[in-house]
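Colleague: Need coordinates for the following:
(one chain, ligands or ions: 1)
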Amino acid sequence: MESRQFIEVEDRLGAYNYKPLDVVISKGRGIWLEDVAGNRYMDFLAAYSAVNQGHCHPRILKAMTDQAKRLTLTSRAFRNDQLGQFYEEICSLTKSHKVLPMNSGTEAVETAIKAVRKWGYESKGVPRDQAEIIVCDNNFHGRTITIVGFSSEEQYRDGFGPFTPGFVSVPFGDAEAFEAAITPNTVGFLVEPIQGEGGVIVPAEGYLAQCREICDRHGIMMILDEIQTGLGRTGKLFAEEHDGIEADATLVGKALSGGFYPISAVLSNNELLGVFMPGDHGSTFGGNPLACAVARESLKVLMDEGLIGRAHELGDYFLKSLKNLDSPLVKEVRGKGLLLGVELLEEVGSARPYCESLMGEGILCKETHDSVLRFSPPLVISRQELDQALEKIAKVLRP
Ligand SMILES: *Cc1c(COP(=O)(O)O)cnc(C)c1O
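Modeller: Got it, this is the predicted structure:
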C-alpha cells in the first residue's frame, strides 16, 4: 500500500482526535525513521521524549523479546520475579524510597493526586473531601476528566465537563502567586519543571527551589511531573537537579520504556506512597513483568551510554547554534538539554507550515502551542547528525 492509502483508511475509520503530519512511518532505528516509500527522516520529536534511547534500541528490544518469551502478565494478584528488581534499580538510581508503577503518564499523575489527597486527610488533618491541589496555568498533565478539568487550555476542557473539584491554578513561574494561593486545605503542588506541551516554557532559575521552600514551610507535597523532562532529556537525570531540589513525588513515564511499551511510575521521596493500603489503588497491567524488564533495560541504556551527559553537551551546542541562525522569523529560542523550543514571531503565524517544510527536508518535528517548533531528538543523536539537521533547519527558518 502507498502512503495515501494508509492515510485514507486512518482518516475514514479513526476518530479525528489528531492531525498528524502526513508521513507514514514503517521503520525506525536510532534517530532515523523511514516511511513506506523508503524516504528517510531524522526524528526531532522522539515521540514527545518517549524515545530518548533511540528507536528500536537493540538492548531494549532483546530485553523485551527475552521477557516476552518467559512471562508477560500475572496481574498484581500474584508476584513476579521482575517487579522487585525493577523497584530496586529505579529506587537506587533515582534515590527514591518507594515506587508505584502504572502504564500511561496520565495514570501516574492520577495516582499522585490520589496519594497526596489521602496523605492530606490522614497526616495533615485536612477535613474530608476538602483537599486542594495547586497547579499551574498552561500545564499539561494528561487527558483524563480530572486532569483536563484543571487545564487552562480551553480546547482540552470544552465539551467535557463537569470536572473534578479541588484544584486551583496559578501562573507558572511565579512563586509568590503560588504561596498566595495556599490555604490550610492545600495538600499538594503539581508542576512541570519545564512546560513542554505548553510551548517549552522554562521558568526563571531558582523558581523550583523557591517553590520547594514554600512547600516545606507550609507542609505541602511537591509533585514534579517529569514525564517529559525526566530521564535525561534536559541534561540531568531529572530537571529538578538544575535547581538542586528533590520533589516529594516525581512522575516518570515516556522514556522509562525507551518507546517500547507504556510504562509510568510515581517515585516518592518521603513515604507519600505509604498511604496506599491493599485495595486502595491498582492497575491490571501496572508493574507487569514485561514492563519491568523493558524499564530496567531502558534505564541501564540511559546510564551505560552516557545519554544524560550527551543531552547536556549537545543541547548547549544546539541551543547556541539555533540562536546563531539569527532567523528573521524567530522571536525566541529556549530550552534545556535536548528539549528546545523555537518560538516564531506573532506576525509569522502558525509553526505548522514550517514543520511541513522541515518534513520536506527530512526532519520530523511538531508544532506546540501553534507558534512554537519543538526540537527534542532522541538523546543518541551525534554531533554530525545535529549539524546535518541544523543546515536543514537554517534552510527553512532563513529562507
Ligand atoms: C506526555 C505527558 C503526560 C501524559 O502522559 P501519557 O503517557 O500521554 O498519558 C503527562 N505529563 C507530561 C508533562 C507529559 O509530557
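Colleague: which stretches of the stretch 1-150 of the chain form strands?
Modeller: Counting by DSSP state E, counting those that start in this stretch, the stretch 1-150 of the chain has strands at residues 25-29, 32-35, 40-43, 98-102, 132-136.
Colleague: Average pLDDT for stretch 25-37, rounded please.
Modeller: Mean pLDDT, taken over the full extent of stretch 25-37, equals 98.
Colleague: Give me the residues contacting it.
Modeller: Judged by Cβ atoms under 8 Å, 6 or more residues apart in numbering, the contacts made with stretch 25-37 from elsewhere in the structure are 1-3, 6, 23-24, 40-43, 46, 51, 54-56, 364, 377-378, 380-381, 385. (C-beta placed from N, C-alpha, C; glycine too.)
Colleague: for the residue in the stretch 1-150 of the chain that the ligand sits nearest to, what are its contacts?
Modeller: Taking Cβ to the nearest ligand atom, the ligand has its nearest neighbour within the stretch 1-150 of the chain at residue 105, 2.3 Å off. Taking Cβ under 8 Å, 6+ apart, we find residue 105 in contact with 141-142, 225, 227, 251, 253-254, 264.
Colleague: Against residue 283, how distant is it?
Modeller: Residue 105 sits at a distance of 13 Å from residue 283 (criterion: Cβ to Cβ, to the nearest Å).
Colleague: Same check on residue 269?
Modeller: 22 Å.
Colleague: roughly how far apart are residue 211 and residue 189?
Modeller: When distance is defined by Cβ to Cβ, residue 211 is 6 Å away from residue 189.
Colleague: quick one: common contacting residues for these two?
Modeller: With contacts defined as Cβ under 8 Å, 6+ apart, the residues shared by residue 211 and residue 189 are 178, 222.
Colleague: one step back: make TSV out of the strands of the stretch 1-150 of the chain and add distance to the ligand and mean neighbour count.
Modeller: Formatted as TSV, the strands of the stretch 1-150 of the chain follow (distance: least, Cβ to the nearest ligand atom, whole Å; neighbours: other Cβ atoms under 10 Å):
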stretch	distance to the ligand	mean neighbour count
strand 25-29	19	15
strand 32-35	20	18
strand 40-43	16	19
strand 98-102	9	23
strand 132-136	11	24
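Colleague: how about those strands in a markdown table, adding distance to residue 297?
Modeller: Shown next, in a markdown table, are the strands of the stretch 1-150 of the chain (distance: least, Cβ to Cβ, whole Å):
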| stretch | distance to residue 297 |
| --- | --- |
| strand 25-29 | 17 |
| strand 32-35 | 21 |
| strand 40-43 | 20 |
| strand 98-102 | 15 |
| strand 132-136 | 33 |
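Colleague: Select, out of the ones you listed, the one closest to residue 298.
Modeller: Proximity to residue 298, assessed across those by Cβ to Cβ, is greatest for strand 98-102 (13.1 Å).
Colleague: count of neighbours near residue 237?
Modeller: By the measure other Cβ atoms under 10 Å, the count of residues near residue 237 is 19.
Colleague: my bad, should have said residue 5
Modeller: Counted by other Cβ under 10 Å, the residues lying close to residue 5 total 11.
Colleague: Relative to residue 34, how far out is it?
Modeller: For residue 5, the distance to residue 34 under the criterion Cβ to Cβ works out to 17 Å.
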